[in-house]
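Enquirer: here is a sequence with its predicted model. Questions after.
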Amino acid sequence: MTGAVSGRVDIRSGTGRIATGPVPGVLLILAAWEAGGRLLTEAFVLAAPSEVAAYLVQEWALMLRALGATLGNAAAGFAIGNLAAVALAGIALIWPRAERVVTGLALFVFCLPLVATGPILRVFFGPGAGPQIALAALAVYYTTLIPLLVGLRAAPDSWFDLVHSYGRGRLAALVHVRAMAALPYLFAGLQIAAPAAFLGAMVGEFTGAERGMGVLTIRAIRALDVEMTWALATVATAVSILAYLAIGSLARRILLEAPPVILAAPPAAGGHRSAAWVDGMLVLAVALGLWAGAIRVFDLNPFFAKGPGDVFTALVLAPDAADTRAAIGEALAETAVFLLPGYLAGLVAGAGLAVLLVLVPAVAGIAMPLAIALRSVPIVTTAPLVVLLLGRGATGTITLVAVMVFFPTFVACLQGLRQAPGQIMAVLDSYAAGPLTRLVRVRIPAMLPAFFASARMAVPASILAVTVVEWLATGSGIGSLMALSASLSDYDMLWSAVVLVAALSALGYGAVGWAERRVLARYAPEQIA
Amino acid sequence: MQPRISRRTLLGTGAATFGAGAAGLLRPRPAHAQTAVSLQLSWLHSAQFAGSYIALDRGWWFERGLEVSLLPGGPNAPVEPPVVAGSALVGISAADYTAAAVEQGAPFRILGVAMQKNPFVIASLPANPVNEPADLVGKRIGMALANTPVLQALCALNGVDIDGIEVVPTQYSAQPLLAGEVDCLLCWETDLPVAMAMQGVESLTMLMADFGYSVHSQTYIATDDSLANRRDALVALMAGEVRGWAAYREDTDAAAELTLAMHPDAGLDLETQKLQAARQVPLMFSDLTDANGFGWWTDDTVAANIETLGLLGRTVTPDLWDRSILEEVHGA
């Protein structure tokens, strides 16, 4: 993450130097915002920075108490979620056969829509901060786990050979090679996790909380209090940006080594296909077992806790099964229209901006603050406002999905581009190769593992975004269907929708993974083995 | 729980409620052990539940041996699961949601009806008013698509052709009306019109309950099991509610002030809460409740509810309503 935030581009690899700091960019953004706010005063959608500042001066005590509550829960969830990710990565490393099962199960849990898990967590934890912390943890563990697994493999074979030649085992390899190689990836994951944890804690408050930023957000939107809404969005964004900067600065202090050259032999052909299917079935079996088991162990009431059998009945055996399937199918089709363009646009924008930043470092001054701000603004605060601004048609929803996908992709790709091995860059230096040649020959291939990891992670993230927007703002598609089912106590419908959404997420993830294997087999074979 | 809230209230409100708060603190504990129960509210803390806050603040539950926690709701907090699971003894629901839950197998009964008149209104601006259902024809109405059955029921009750109304799916906000995207909104009497009033925008509301839309709202629900085995707690809880809402009616401004004092972190605005508290009174109190007591219903009002619920696609029978707790409270 060298220099990502201060607008500098990695000096060690010799691509650029500081052009402009972030200050002019921030000022430009503020000026545009102020002008927009003044133009739209009568529309009740946008408050100018001056109005936000006035509100914050007046209500700082209330805002501080709310921030304290939400930040505390977000921090607890951040810690728990990331520790869980490290533990899961440890299991996958110690027992490589388990990796696909671990990541598969982790994916399933990550794909469970907030609309559905919130009320159940509330019943499970009772009053208090339980659901807020749990949703914050659920929002971060996966986006840390996946880059971490990539990072733990991002080391040259020769290093492992060195460890072995000293007669040391896998533990030494872990400590001296893998952990070091994984650190840049871990930090990238933590940076993505910071705003996600805050969002999770806010959504957790929607399940019934006494205080917090989420509570105030609902109040502000209902009361047509535009200054309060934007003040909340501003504070949440500022906190997320500070967390992002703090982690980035920590990373810069710790990560001093230039990335190594990774040369690995392509994996032996064949032998992996059948294992993938076996693992897939295993994931399915374990997931079903855990699902049914959890309902029994925690003695969850069958009125709202439906097991695998209930869902099978609702979707296949029940007299109204065809209606249920039709309702979910229709809602999913509605959602797909927003989801797919938003997902692709977010990926292209994220990778594109990262590449642009490396080619034209001067852009960083304005692009970085805007990029971080866009992603850190909690979607629950802005979704209703963005939909009001851009309309209830496709544009608003697609934009919000793209924003959610864009930032993790951007961060990961930027980090990936910087993983270009120093020695190879030195070789290109000696040939006086231009920036474009470096980009195409070295940086983009170096970026590919990170790009695909983020493309995979973006599948559940985009589904989260689209369901939240549909739930809170547009009232269409699968997000709205799930919210409506919960309010009408149609838990058969709700759980069926949850299962299908999770299954489709997993399929989408699998499809990206398939493309990834084909590409990485050529460019980064160490990731495939 | 109760003494702590009183203490907080004491710090927050100063002299006005000093006597009541201090009484709550200093009152000797009743001889019998306190029973801890929860009341699951249907939304975030606000004057919507101020009668309950009064009962809690003045120790009216405490003196009957109840230690009541008021659990806030929210946009992702359905009331039914905690009541079914037993983590809340009573929940604040509405007849249509309760009927839907019962259809799905929840063993619920309605114990009391806080909002005699359903709070749904059609809100419009004076320049282009909706005074009666027939005025809806040719208008654009902003509402959540999920509320389509509500509009259908209103049209059926008043012989209005729903195809003559253009439904614009909007989120729950007054903004589309103010921006001129729609001519009217389907909302509650006590939220979006209040928000508009606080922004200096005068609006008109047509209460759907005045045009045949009979759906009891803010209803108290409990399970059959609680009715059979926890009657004492239910009676004590409802007795506190009845007293609390009577005090609320006497001084809605004081109720709004108490709401803010007890929930300083809820981001509430005093003037908004006062207006909301006042606008809620005609929905909650009527000749029927004056004659029989807070929360009451008759066979006639139940029959009207069953008819409207039928139009909403819900089949219910009169035994969804169980008046035995209320009868005990009111000594009928």
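Expert: Perfect, thanks for sending it.
Enquirer: contacts and neighbour counts: CA atoms only from here.
Expert: Noted.
Enquirer: which positions in the stretch 51-200 of chain B make contact with chain A?
Expert: Near chain A, the residues belonging to the stretch 51-200 of chain B are B:71-78, B:80-82, B:84-85, B:87, B:97, B:100-101, B:104-106, B:144-146, B:169-175, B:178-179, B:191-192, B:195-196, B:199 when assessed by CA under 8 Å from any CA of the partner chain.
Enquirer: please narrow those to those residing in helices.
Expert: B:80-82, B:84-85, B:97, B:100-101, B:175, B:178, B:192, B:195-196 (DSSP state H).
Enquirer: from the residues you listed, which is closest to residue A:322?
Expert: Compare each of those with residue A:322 using CA to CA and the shortest gap goes to residue B:100, at 20.2 Å.
Enquirer: what pLDDT does the model give the nearest residue to that closest one once chain neighbours are set aside?
Expert: In this structure, residue B:100 finds its nearest non-sequential neighbour in residue A:488, 5.6 Å apart by CA to CA, 6 or more residues apart in numbering or on different chains. Among the per-residue scores, residue A:488 shows a pLDDT of 87.
Enquirer: which residue ranges form the helices in the stretch 401-529 of chain A?
Expert: Counting by DSSP state H, counting those that start in this stretch, the stretch 401-529 of chain A has helices at residues A:422-430, A:435-438, A:444-469, A:477-487, A:491-523.
Enquirer: can you pull the buried residues of the second one?
Expert: If I follow you right, that is helix A:435-438. Across helix A:435-438, burial judged by 16 or more other CA atoms under 10 Å in any protein chain shown covers A:435, A:438.
Enquirer: how near is residue B:95 to chain A?
Expert: The span separating residue B:95 from chain A equals 11 Å under the rule CA to the nearest CA, to the nearest Å.
Enquirer: for that residue, what are its contacts?
Expert: For residue B:95, the residues meeting the contact criterion (CA atoms under 8 Å, 6 or more residues apart in numbering or on different chains) are B:110, B:215-217, B:219.
Enquirer: likewise for residue B:93?
Expert: The neighbourhood of residue B:93, defined by CA under 8 Å, 6+ apart, consists of B:42, B:79-80, B:217-221.
Enquirer: what is the nearest of those to residue A:119?
Expert: The shortest separation between residue A:119 and any of the contacts of residue B:93 is 9.1 Å, and it belongs to residue B:79 (by CA to CA).
Enquirer: the closest one against residue B:42, yeah?
Expert: Yes: the pair residue B:79 / residue B:42 is scored as a contact, 6.1 Å apart, by CA atoms under 8 Å.
Enquirer: what's the overlap in contacts for the two?
Expert: Residues touching both residue B:79 and residue B:42 (CA under 8 Å, 6+ apart): B:73, B:91-93.
Enquirer: and the least confident of the ones in helices among the residues of the stretch 51-200 of chain B next to chain A?
Expert: Across these, the bottom pLDDT score, 85, is held by residue B:175.
Enquirer: nearest spatial neighbour of that residue, skipping sequence neighbours?
Expert: Here the nearest residue to residue B:175 in space, its sequence neighbours aside, is residue A:44; by CA to CA, 6+ apart that works out to 6.3 Å.
Enquirer: state the mean pLDDT of the helix or strand that contains residue B:54.
Expert: Assigned by DSSP states H and E, residue B:54 belongs to helix B:50-57. For helix B:50-57, mean pLDDT is 97.
Enquirer: tell me the helices and strands packed up against it.
Expert: Using 3 or more CA pairs under 8 Å, 6 or more residues apart in numbering or on different chains; DSSP states H and E as the contact criterion, the secondary-structure elements in contact with helix B:50-57 are helix B:2-13, helix B:18-26, helix B:231-250, helix B:252-262.
Enquirer: quick one: name the residues of the stretch 1-150 of chain A near chain B.
Expert: Of all the residues in the stretch 1-150 of chain A, those in contact range of chain B (CA under 8 Å from any CA) are A:43-45, A:62, A:65-66, A:115, A:118-120, A:122-123, A:126-127.
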